[in-house]
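Chemist: could you look at this predicted model? Sequence included:
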Amino acid sequence: MRLGLNIGFVYGGDDHLDHLRLVKEAEALGFSVTWAAEAYGSDAATLLSWIAAQTTTIDVGAAVFQIPARTPAMTAMTAATLDRLSNGRFRLGLGVSGPQVSEGWHGVRFSQPLLRTREYVDIVNAALRRETVAYEGKYFTLPLPDGPGKALKLTVRPIRDHVPVYLAAVGPKNLELAGEIADGWLGILNDPGFLGEQLNHIKTGRAVRQQDLDGFDVVVTTPLMTGDDIQAAADPVRGYAALYIGGMGSREKNFYNALAVRMGYAEEAKEIQDLYLDKKHREAMAAVPFGFLDSISLLGDKARMADKLTAYAEAGATTVALTPFASTVEQRIADLRTAAEALELSGVGN
């Protein structure tokens, strides 16, 4: 099992410089990858290009490029360019986002996300293989049949023969799709005690390809906070958990809320969502159970973290992508060092 780093978004000020310090520390510690995200602020491609230009060994990954934000051809162009500029260190994470962002920000209907994702990945992979791309699907047709367009081939070669594709997936059917068409899965709100159920869905998808999980990267996204007081260490994670369970979607459709329900927190998930959507954000944060926060996070001292990393490895995780939650960049760097020491102590690293 390897460690990764989530740097998330750029919000403003000098936070991009803080991100770079964290990535350089993670690279020095032997982390395998750093992931950048996008929603409706900073884009991941620009940030990853900037990070790649100032590093040499750590992989740079999109977690994720939003499918409604780019045509599949544009994603292939971006992925090939990033792979070349990074000397073969780019990982392509994709996700459909959610109805509010897809329809509200990108103006793309959130319909049949599984089929749309399948078609999208088909085209991206064909383009990255530098095939002449001709495709006829429900959502994507290349070239258009009633005009002057012609089938084209990507003109830039990626460094590698295959750029690894990851899917961000939450629901059971999307997990199956990840297993079938992707090289890895980007998880979120990951409890090692629930990971087996999620991997069973991925295994179903792998079986369609007559493959098992060998070589498939299971990436669990894990908040990181050190401290002797575990309750206090969990508190900075409350806002993150409340946002996903309560605010990432509508009352009728929130994939993360549904995940919390499947994880055994049905009553708590409803309360958090009700409070959050009623603009009672502090109360929603307070309503997130400590047990939930502890289950999805790496909290405490080095020994406690080593035990948690062992649990992740035994459950099937192959990469633990850490999101440091400390308030200063200096403490976040110290926490990354503690996590690296914990991995060594656990004996499950490679």
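Modeler: Good, I have the coordinates. Residues are numbered from 1 along each chain as shown.
Chemist: for the lowest-mean-pLDDT helix or strand in the chain, give me every contacting residue.
Modeler: Ranked by mean pLDDT, DSSP states H and E, the helix or strand of the chain with the weakest confidence is helix 99-104, at a mean of 94. Here helix 99-104 makes contact (C-beta atoms under 8 Å, 6 or more residues apart in numbering) with 39-40, 66, 68, 96, 108-110, 249-250, 253. Yep, even glycine has a C-beta here, placed from its N, CA and C like the rest.
Chemist: same question for stretch 31-40.
Modeler: Counting by C-beta under 8 Å, 6+ apart, 2-9, 23, 26-27, 44, 47-48, 51, 58-66, 69, 91, 93, 97, 101, 105, 186, 319, 321, 336, 340 sit against stretch 31-40.
Chemist: got the end-to-end distance for that stretch?
Modeler: 28 Å (C-alpha to C-alpha, to the nearest Å).
Chemist: for the record, mean pLDDT for that stretch?
Modeler: Mean per-residue pLDDT for stretch 31-40: 97.
Chemist: which residue ranges form the strands in the stretch 51-200 of the chain?
Modeler: Residue ranges of the strands in the stretch 51-200 of the chain, as given by DSSP state E, counting those that start in this stretch, are 59-62, 65-66, 90-95, 135-136, 141-142, 165-168, 184-186.
Chemist: partner strands of the second one and their direction?
Modeler: The reference is to strand 65-66. Applying DSSP bridges to the sheet, strand 65-66 is found paired with strand 90-95 (parallel).
Chemist: hmm, who's touching the partner strand?
Modeler: Outside strand 90-95, the residues touching it (C-beta under 8 Å, 6+ apart) are 33, 35, 48, 52, 59-67, 75, 79, 82-83, 117, 120-121, 124, 158, 163-169, 184, 186.
Chemist: wait, isn't residue 326 in contact with residue 332?
Modeler: Yes. The criterion here is C-beta atoms under 8 Å, and residue 326 meets it with residue 332 at 4.6 Å.
Chemist: the two: who's more crowded?
Modeler: More crowded of residue 326 and residue 332, by other C-beta atoms under 10 Å: residue 332, with 22 against 18.
Chemist: can you get me a residue count around residue 269?
Modeler: With other C-beta under 10 Å as criterion, residue 269 counts 24.
Chemist: bridging residues for residue 2?
Modeler: Judged by DSSP bridges, the bridge partners of residue 2 are residue 319.
Chemist: many thanks, have a good one.
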